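Asks: Okay, here's the prediction I keep looking at, along with the sequence it came from:
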Amino acid sequence: MSWQRRLRHIALTQVRAIKDRLDRMDAEMEDAYLRERQARDDALRELDDIADVPLPRPTQPLEQSAQPPRQESQAQSPVISAPALDERSAKLARAYRILGVPDGADLSEVEAAYRKLSGRCLSVEFAEGSEERQTAETIMARVNEAYNTLREELNPAAARFDKLEL
């Protein structure tokens, strides 16, 4: 077997292993999403059942002075809604998993994992128009998306430099 065939065989094996790992992660994420959605629907149904039961009315009026007066001079901090926060954290968790680094990894670990994966998924190693090349390009697009997501989160200054034009 020539060395070119051996290298091609090694590259194909690496790309297939990465694709299988990404497919398994997609299936796991889908299952987790469905379980979470089912739990949320069950909780909403339970709340609806409770809301149908009339609550006893208080016998004494509530005092308005129990709450401290609101100060208008305090700056209002932006509040991120819970669904948006959950979606963002799920997106970050997925990006960490795609790159194969633990959640909360720092930027240097993320960059090292990105370099390693991008080196293993080079599409130029495959013939133009082949299925292997398309698979490698698909994997590379997902790895790039995960890396960009984490880079924006971990290094907010990077987005400003990306927008600079010369």
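Replies: Okay, I see it. All figures in this text were calculated on a predicted structure; none of them were measured in a lab. Residues are numbered from 1 along each chain as shown.
Asks: alpha carbons only for contacts and neighbour counts from here, please
Replies: Will do.
Asks: can you map out the strands along this structure?
Replies: In the chain, no strands are defined using DSSP state E.
Asks: Walking through it, point out its helices one by one.
Replies: Ranges of helices within the chain are 3-52, 82-99, 107-120, 131-154, 156-162, based on DSSP state H.
Asks: quick one: average confidence on the fourth one?
Replies: Per-residue confidence for helix 131-154 averages out to 89 on the pLDDT scale.
Asks: What values do phi and psi take at Gly129?
Replies: With angles defined as degrees, to the nearest 10, Gly129 sits at phi 80, psi 0.
Asks: tell me, how many neighbours does it end up with?
Replies: With neighbours defined by other C-alpha atoms under 10 Å, the count for Gly129 comes to 8.
Asks: go on, Gln4?
Replies: Count around Gln4 with other C-alpha under 10 Å applied: 9.
Asks: before we move on, what about Asp42?
Replies: When neighbours are defined as other C-alpha under 10 Å, Asp42 has 12 of them.
Asks: Now do the residue positioned nearest the centre of the chain, the pLDDT please.
Replies: Nearest to the geometric centre of the chain sits Lys91, at 1.6 Å (C-alpha atoms, centre = their mean). We have a pLDDT of 87 for Lys91.
Asks: pLDDT weak spots in this structure?
Replies: 44, 46-85, 159, 162, 165-166 (pLDDT under 70).
Asks: how about a cut-off of 80?
Replies: 1, 40-87, 123-124, 156, 158-166 (pLDDT under 80).
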